[in-house]
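Participant: Here's my sequence, what's the structure:
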Amino acid sequence: MTTPLAPEKLEAARNASRRSGIASFIVMDVMAAAAAKEAGGVRVIHMEVGQPSTPAPKAAREAVKRVLDSETLGYTLALGTDALRERISRHYRETYGVSVAPGRVIVTAGSSAAFVLAFLAAFDAGDPVLLPDPGYPCYRHILSALGQAPVMVETGPQTRWMPTAQQIAEAAQRTRAKGLLIASPANPTGTMVEDGRLAEIAAACTQNGLWFISDEIYHGLTYGRTARTALAVSDEAIVINSFSKYFSMTGWRVGWMVVPQRLVRPIERLAQNLYISPPAVAQVAALGAFDGLEELEANRAVYARNRELLLNELPGAGFRSIVPADGAFYLYADISDLTDDSLGFARRMLDETGVASTPGVDFDAARGHRFVRFSYAGSTADMAEAVRRLKDWRR
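Facilitator: Numbers count the residues shown, from 1 in each chain. This next block holds a predicted model:
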């Protein structure tokens, strides 16, 4: 008969795991604080979260209505429905002029699941992975939770907020990294990598034995330039995309990835065990969304107007230094002349103006204390109201 553990040892034995000790995703904490304000009757202008204020396109919603009473909507194949995989393959041919076999397309439960699958398929525990800094925080948090090692590559105005091929090669040699992940357009900066540099980055990955993971979830949301897929410069790239941003389907939780053929079966095994399959109803909606491009382009036109309004008006509210914003729906503002505490500044902004923003420390632990990110994915009327409140606040 075994001796029971003493109460103090029993409590210690049931602590949360070390791998769960990752930092919070601060933007979600800001959302919660904003929701608490709204529950108290305050009208909040949401500029904190990268979420379209528009619903899924009508074509997507109509597609779902047609199947709700006629289909069981049970499990699909782990890699997604054949119809959606084929339509995504066609999307690459029509949008980028790139041929992608449907068998290399993997439908996922949002791009978040795609990152988990890509990291598990490409990297072992302890493997270093290069990430741009600033960057989307969940990249490094997911890697850390999986026991992998995020390695930050600092970017800034001198590199137009994107890593260079030389930086990547030097970091790979110094750290023995196994992969690189970049996003273009990027979160939080909205900057895009130039076509020539994209090819140079892909070549640097090949020369240094790195997996090249390209986050393309903001493709379609560009202003003056067209985004280029990494598949145009490397057939070995792992490309991740989503129906959340351009397609305005955040809550449907459906994304996709395109991978080299040799990774399809390993990722299929992982997907079977971790997720069984992507949501069936979300895949129906995603397939229908491709028939709603006119509506989606109208949404993008709203973002373009919002972007222009904020670039013109935010300097009058004290936000004078804004990173060049080629795409996505974010402005990353340097507030070092206003504060050295972006977390406290964003909290005061919410409390005193009802405008929610995301502190830069979510994206850059070293320098983010002097930046905030504004999302302009809401209505133009809300953007104008936010500017009015901020100007009154800064007087």
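Participant: Can you give the contact residues for the host helix or strand of Ala301?
Facilitator: Assessed by DSSP states H and E, Ala301 sits inside helix 293-313. With contact meaning CB atoms under 8 Å, 6 or more residues apart in numbering, helix 293-313 is reached by 52, 54, 57-59, 220-221, 223, 246-248, 289, 322, 325, 329, 331, 374, 376-380, 383-384, 387, 391. For glycine as for every other residue, the C-beta is placed from the backbone atoms N, C-alpha and C.
Participant: Now do it, average pLDDT.
Facilitator: Helix 293-313 shows a mean pLDDT of 97.
Participant: Next, the buried residues of that helix.
Facilitator: Judged by neighbour count using 16 or more other CB atoms under 10 Å, the buried positions of helix 293-313 are Glu295, Leu296, Asn299, Arg300, Val302, Tyr303, Ala304, Asn306, Arg307, Leu309, Leu310, Glu313.
Participant: Likewise for stretch 341-350?
Facilitator: Within stretch 341-350, the residues scored as buried using 16+ other CB under 10 Å are Ser342, Leu343, Phe345, Ala346, Arg347, Met349, Leu350.
Participant: how distant is it from the center of its chain?
Facilitator: Distance, stretch centre to chain centre, for stretch 341-350: 23 Å (CA atoms, centre = their mean, to the nearest Å).
Participant: Now for the nearest residue to Asp362 once chain neighbours are set aside: which residues touch it?
Facilitator: Nearest residue to Asp362, sequence neighbours excluded (CB to CB, 6 or more residues apart in numbering): Ile26, at 3.8 Å. Counting by CB under 8 Å, 6+ apart, Ile26 makes contact with Pro137, Leu343, Thr358, Pro359, Val361, Asp362.
Participant: Settle this for me: the first one is touching Met28, isn't it.
Facilitator: No: assessed by CB atoms under 8 Å, Pro137 is found out of contact with Met28, at 10.1 Å.
Participant: and these two? which has more neighbours close in?
Facilitator: Set Pro137 next to Met28 and count neighbours by other CB atoms under 10 Å: Pro137 wins out with 24 against 14.
Participant: how far away is that one from Ser24?
Facilitator: 9 Å (CB to CB, to the nearest Å).
Participant: go on, Ala333?
Facilitator: 22 Å.
Participant: What residues does Ser244 make contact with?
Facilitator: Ser244 touches Gln51, Gly110, Ser111, Ile217, Thr250, Trp252, Gly255, counting by CB under 8 Å, 6+ apart.
Participant: buried ones in stretch 332-342?
Facilitator: Neighbour-count burial for stretch 332-342, counted by 16+ other CB under 10 Å, picks out Tyr332, Ala333, Asp334, Ile335, Leu338, Thr339, Ser342.
Participant: TSV for these, including distance to Lys178 and pLDDT?
Facilitator: Below are the buried residues of stretch 332-342 laid out as TSV (distance: CB to CB, whole Å; pLDDT from 0 to 100):
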residue	distance to Lys178	pLDDT
Tyr332	29	97
Ala333	34	97
Asp334	33	97
Ile335	36	96
Leu338	40	95
Thr339	38	95
Ser342	32	96
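Participant: Filter those down to the ones in strands?
Facilitator: If you go by DSSP state E, the buried residues of stretch 332-342 have Tyr332, Ala333, Asp334 in strands.
Participant: Turn these into a markdown table, including distance to Ala16.
Facilitator: Listed next are these as a markdown table, based on distance: CB to CB, whole Å:
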| residue | distance to Ala16 |
| --- | --- |
| Tyr332 | 33 |
| Ala333 | 35 |
| Asp334 | 36 |
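Participant: Only the C-alpha atoms, please, for stretch 133-143, written as CSV.
Facilitator: The C-alpha coordinates for stretch 133-143 follow below in CSV (Å, rounded to 0.1, in the frame of the first residue of the first chain):
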residue,chain,number,x,y,z
ASP,A,133,11.2,41.6,-33.6
PRO,A,134,8.7,43.2,-33.3
GLY,A,135,6.3,40.5,-34.4
TYR,A,136,3.1,38.6,-33.6
PRO,A,137,3.5,37.4,-30.0
CYS,A,138,1.9,34.0,-30.4
TYR,A,139,4.7,32.9,-32.7
ARG,A,140,7.2,32.9,-29.8
HIS,A,141,4.6,31.8,-27.2
ILE,A,142,3.6,28.7,-29.2
LEU,A,143,7.2,27.8,-29.9
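Participant: can you pull the buried residues of that stretch?
Facilitator: So, applying 16+ other CB under 10 Å, buried residues of stretch 133-143: Asp133, Pro134, Gly135, Tyr136, Pro137, Cys138, Tyr139, Arg140, Ile142, Leu143.
Participant: Turn the residues you listed into JSON lines, columns for distance to Pro188, secondary structure and pLDDT.
Facilitator: Listed next are the buried residues of stretch 133-143 as JSON lines, based on distance: CB to CB, whole Å; DSSP: H, G, I helix; E, B strand; the rest coil; pLDDT from 0 to 100:
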{"residue": "Asp133", "distance to Pro188": "11", "secondary structure": "strand", "pLDDT": "97"}
{"residue": "Pro134", "distance to Pro188": "6", "secondary structure": "coil", "pLDDT": "97"}
{"residue": "Gly135", "distance to Pro188": "8", "secondary structure": "coil", "pLDDT": "97"}
{"residue": "Tyr136", "distance to Pro188": "8", "secondary structure": "coil", "pLDDT": "95"}
{"residue": "Pro137", "distance to Pro188": "9", "secondary structure": "helix", "pLDDT": "94"}
{"residue": "Cys138", "distance to Pro188": "12", "secondary structure": "helix", "pLDDT": "94"}
{"residue": "Tyr139", "distance to Pro188": "12", "secondary structure": "helix", "pLDDT": "96"}
{"residue": "Arg140", "distance to Pro188": "14", "secondary structure": "helix", "pLDDT": "96"}
{"residue": "Ile142", "distance to Pro188": "17", "secondary structure": "helix", "pLDDT": "97"}
{"residue": "Leu143", "distance to Pro188": "18", "secondary structure": "helix", "pLDDT": "98"}
